[in-house]
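Student: what's the 3D shape of this:
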Amino acid sequence: MKKIIIIVFFPCLALSQEYEDFNYEEVRKKDCFITKIESYNSKTGLYYRASCGSYSAPFEEKVIIPLTKQEKSKIWKIKNESKKHVLEDCTIIENITIKSSFLFNNEKLTTKCVETQLEKKMFIQLNMELRLILESKPQYRKAFYWEFIKK
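Tutor: From the prediction side, this is the model:
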């Protein structure tokens, strides 16, 4: 009789994963009115930005900005260093509220915000890495060209 040996590699596959897709969202409110929404979906590459000021016309822009696997891996690595499953930051300064969140794959948003200085530092690092990657892309530079005009 022949013996069949089955070796399970599932744990190895989980550890070798380079990145997960994510959603980023930031909502700014002033006096309980939304003044700016910014979001990015790494799976679809959709970057969305909308703003509405008291003295300016509403502005809304949607741009497809795909990330490479290496860029997603950078963000995934920073997320894993934080050791926190869902990352959400809540900042309140007088009458201005800013809520930002990173949700990886099918995570659900929690009501718990980052609490320690280390968590805050990691969230800022994650946020800045995404910002630097997006702003370096030609699609972003073309859509928001005025941000790069030297005065």
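
Student: all contacts plus neighbour counts: C-alpha atoms, from now on.
Tutor: Fine.

Student: beta partners of residue 93?
Tutor: residue 96 (DSSP bridges).

Student: mind listing what the nearest residue to residue 65 once chain neighbours are set aside touches?
Tutor: What sits nearest to residue 65 in space, not counting adjacent residues and going by CA to CA, 6 or more residues apart in numbering, is residue 45, at 4.8 Å. Neighbouring residues of residue 45 by CA atoms under 8 Å, 6 or more residues apart in numbering: 64, 65, 66, 67.

Student: just checking, which of those residues belong to strands?
Tutor: residue 64 (DSSP state E).

Student: In this protein, where is pLDDT below threshold?
Tutor: 1-17, 82-86, 106, 109-111, 151 (pLDDT under 70).

Student: Which stretches in it count as helices?
Tutor: 10-15, 69-82, 117-136, 138-143 (DSSP state H).

Student: Could you dump the ones you listed into TSV with mean neighbour count and distance to residue 97 added?
Tutor: Shown next, in TSV, are the helices of the chain (neighbours: other CA atoms under 10 Å; distance: least, CA to CA, whole Å):
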stretch	mean neighbour count	distance to residue 97
helix 10-15	9	37
helix 69-82	16	24
helix 117-136	15	16
helix 138-143	14	26
